[in-house]
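Visitor: attaching a predicted model along with its sequence, questions to come.
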Amino acid sequence: MREVRVRFAPSPTGALHIGGVRTALYNFLLARQLKGTMILRIEDTDQNRYVPGAEEYILQSLAWVGIKIDEGVGVGGPYAPYRQSERKPIYMQYAQQLIDSGNAYYAFDTEDELEVMRERLKTAGVALPQYNSITRMQMRNSLTLLEEEVKQLLEAKTPYVVRLKVPRKEEVRLNDMIRGWVMVHSSQIDDKVLMKSDGMPTYHLANVVDDYLMKISHVIRGEEWLPSAPLHVLLYKYLGWEKEMPQFAHLPLLLKPTGDGKLSKRDADQMGFPIFPIDWIDPNTKEKAIGFREAGYLPEALINFLAFLGWNPGTQQEIFSLDELINAFSVERIGKAGTKFDIHKAQWFNQQYLRAKSDEALAEYLLDSLSKENISCTKEKAAKIASIMRERITFPKDLWEHGKFFFHAPTTFDENVASKRWNDDAVKVLNAYKIELPTLATFDAPTAKATLEKVTSELGIGTGKILQALRLSITGAGAGPDLMMVMEIIGKDEVMKRIEYALKTLNVKVA
Ligand code: GLU
């Protein structure tokens, strides 16, 4: 069997989109499952679109989510260099081979000449003017010029590109692992540029040459590359590499949450969720986009979420560790249809992974937030808070954000709750409770509860009726974690102070 070698081949044209992370993940899962090699190749042949910092960003993002690269940029390996710009001298010989075998040709057309051709075709009613098997015969290339002229032009260093000579009538087929047989008629394919006038290869040539030279067995990439695949098949054929051609798997598109159209950064911005794995500062605009990491997503939760965007295990199980994903993954279970990007599902995964953590681990998150606020707190207290807050958090920062009342007495009270729950009965109970508290030798959740019940029964008022008022005075809000535990954590003296303050402040407002 062929050795499994897969590659993630991003272009450093900006921040890595979350869809790119999914592509990298699927490659990685297949590589690990089949004991293969995961390669990172940087496709930077388009100098105009190069964005400084993008490559480092890709490396950092992959490292953060735990996708380990075996070979490639940042790691090295037997087929180095893995950055296409550093491989520039390699490509021309293959373009030359294609020219020599009559499958590619030199084209000397200037931008203006190309524009004239496009205009002419448009006037003639051609919707999509192309340089192809028909139009190439009217252009300035080595198919139409005399051999002598071509020689002279080359000797005079006239700028040229090398184009693929796509056959006029041929069925190009490829067997995609996800889509099955894909058939495209060659009349639909234009004579793509293989080598640019700056001596750089285009994506198509460099991609195919490198996949061949790096012995890639499977090409797993986004659906947006499917239209290029027939062209790549022709290149494999003309270069005599048909036997070495990798298997293709084109992943379904990631759709907007509404399902209509491809997910874009604009959608994510509008709906207020991240689309990049980690923070990205655009080097041109200096605009900052918040990453999943900085928004509080755990890498293992994000990976689990991404794995399910297009793939499913065929069972009810949803929580998969990376190792479990490696075992369960299969390209056969990737769907063809685009998948909606549901950020609520990502949040759900994050909640599940947070809940699976120990109180002590969660406490570290809280202590982290507290140290930024210059608030000191023991590990024990933080762990106690974590234990009652764990079901209520989506992100680590929520421990602090939703639990500020553990450290700061409320200064305002939810008016809605106050208007409904702050009444004479509540005031009576709280006054009595406040008097009862100093008599307690120890104070914890059970004694807090027993004392409250004692007070309410003496007054003949149902505990349930005043509980929200008590919560309001302790936390300022009408809902939250176990109130008796909250009181135990903040302590008796603080409970008394807060009740007193609430009685003073809220009494004024309630008639
Ligand atoms: N450089 C392409 C990209 O930016 C790679 C496509 C492929 O995997 O062939 O996505």
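Guide: On my side now, so go ahead. Numbering: from 1, shown residues only.
Visitor: from here on, contacts and neighbour counts on C-alpha atoms
Guide: Fine.
Visitor: what bridges to Met195?
Guide: Going by DSSP bridges, Met195 is paired in beta bridges with Val162, Pro201.
Visitor: where along the chain do the strands fall?
Guide: Assigned by DSSP state E, the strands in the chain fall at 5-8, 37-40, 71-72, 104-107, 161-164, 171-176, 180-185, 193-195, 218-222, 247-251, 254-255, 280-281, 288-289, 339-340.
Visitor: which single residue in the stretch 401-511 of the chain comes nearest to the ligand?
Guide: Nearest to the ligand in the stretch 401-511 of the chain, going by Cα to the nearest ligand atom, is Glu401, at a distance of 38.4 Å.
Visitor: and for that residue, the neighbour number?
Guide: Close neighbours of Glu401, defined as other Cα atoms under 10 Å, add up to 13.
Visitor: return the distance of it relative to His408.
Guide: Distance, Glu401 to His408, by Cα to Cα, to the nearest Å: 12 Å.
Visitor: residue of the stretch 301-450 of the chain nearest the ligand, please.
Guide: For the stretch 301-450 of the chain, Cα to the nearest ligand atom, closest residue to the ligand: Val331, 15.9 Å.
Visitor: next one: that residue from Ile278, what distance?
Guide: Between Val331 and Ile278 the computed distance is 27 Å (Cα to Cα).
Visitor: okay, the two: which has more neighbours?
Guide: Applying other Cα under 10 Å to Val331 and Ile278 shows that Ile278 carries more neighbours, namely 26 against 18.
Visitor: mind listing what the more buried one touches?
Guide: Neighbouring residues of Ile278 by Cα atoms under 8 Å, 6 or more residues apart in numbering: Ser61, Ile290, Gly291, Phe292, Arg293, Glu294.
Visitor: hmm, Asp279 and the last one touching each other?
Guide: Yes - here Glu294 lies in contact with Asp279, judged by Cα atoms under 8 Å, at a distance of 6.6 Å.
Visitor: compare those two (neighbour count), which wins?
Guide: The neighbour comparison of Glu294 against Asp279 (other Cα under 10 Å) goes to Asp279, with 19 against 13.
Visitor: Val150: neighbour count?
Guide: Around Val150 there are 20 residues (other Cα under 10 Å).
Visitor: let me redo that: Leu34
Guide: When neighbours are counted by other Cα under 10 Å, Leu34 registers 14.
Visitor: how close does it sit to Pro167?
Guide: Where Pro167 is concerned, Leu34 sits at a distance of 37 Å (Cα to Cα).
Visitor: same deal with Thr158?
Guide: According to Cα to Cα, Thr158 and Pro167 sit 27 Å apart.
Visitor: the two: who's more crowded?
Guide: Comparing Thr158 with Pro167 by other Cα under 10 Å, the one with more neighbours is Pro167, at 18 against 11.
Visitor: phi, psi of that one?
Guide: The phi/psi pair for Pro167 (degrees, to the nearest 10) reads phi -60, psi 150.
Visitor: how about the contacts made by the closest residue to it other than its chain neighbours?
Guide: In this structure, Pro167 finds its nearest non-sequential neighbour in Ser186, 6.2 Å apart by Cα to Cα, 6 or more residues apart in numbering. Shown in contact with Ser186 (Cα under 8 Å, 6+ apart): Val166, Pro167, Arg168, Lys169, Glu170, Glu171, Val172.
Visitor: per-residue pLDDT, the fifth one?
Guide: What it means is Glu170. Per-residue confidence (pLDDT) for Glu170: 96.
Visitor: what residues does the longest helix anywhere in the chain touch?
Guide: For the chain, the longest helix by residue count, based on DSSP state H, is helix 492-509. Under the contact criterion Cα under 8 Å, 6+ apart, helix 492-509 has outside partners 409-410, 418, 422, 427, 430-431, 434, 437-438, 443, 470, 473-474, 487.
Visitor: wait, Asn141 touches Asp109, no?
Guide: Yes - in this structure Asn141 lies within contact range of Asp109 using Cα under 8 Å: 7.2 Å.
Visitor: neighbour count: those two, which is higher?
Guide: Between Asn141 and Asp109, counting by other Cα under 10 Å, Asn141 is the more crowded of the two (21 against 15).
Visitor: looking at the chain, which residue lies furthest from center?
Guide: Relative to the centre of the chain, and counting by Cα atoms, centre = their mean, the farthest-placed residue is Glu458 at 58.4 Å.
Visitor: I figured Asn327 hits Gln33, correct?
Guide: Yes - the criterion here is Cα under 8 Å, and Asn327 meets it with Gln33 at 6.1 Å.
Visitor: where does pLDDT dip in this structure?
Guide: Scanning the chain for pLDDT under 70 picks out the ranges 508-511.
Visitor: near the ligand, which residues of it?
Guide: Taking Cα under 6 Å from any ligand atom as the criterion, the neighbours of the ligand within the chain are Ala9, Pro10, Ser11, Glu43, Arg221.
Visitor: make a markdown table out of the residues you listed and add distance to Lys256 and neighbour count.
Guide: Compiled in a markdown table, the residues of the chain next to the ligand are given as follows (distance: Cα to Cα, whole Å; neighbours: other Cα atoms under 10 Å):
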| residue | distance to Lys256 | neighbour count |
| --- | --- | --- |
| Ala9 | 24 | 24 |
| Pro10 | 22 | 21 |
| Ser11 | 23 | 23 |
| Glu43 | 27 | 23 |
| Arg221 | 19 | 24 |
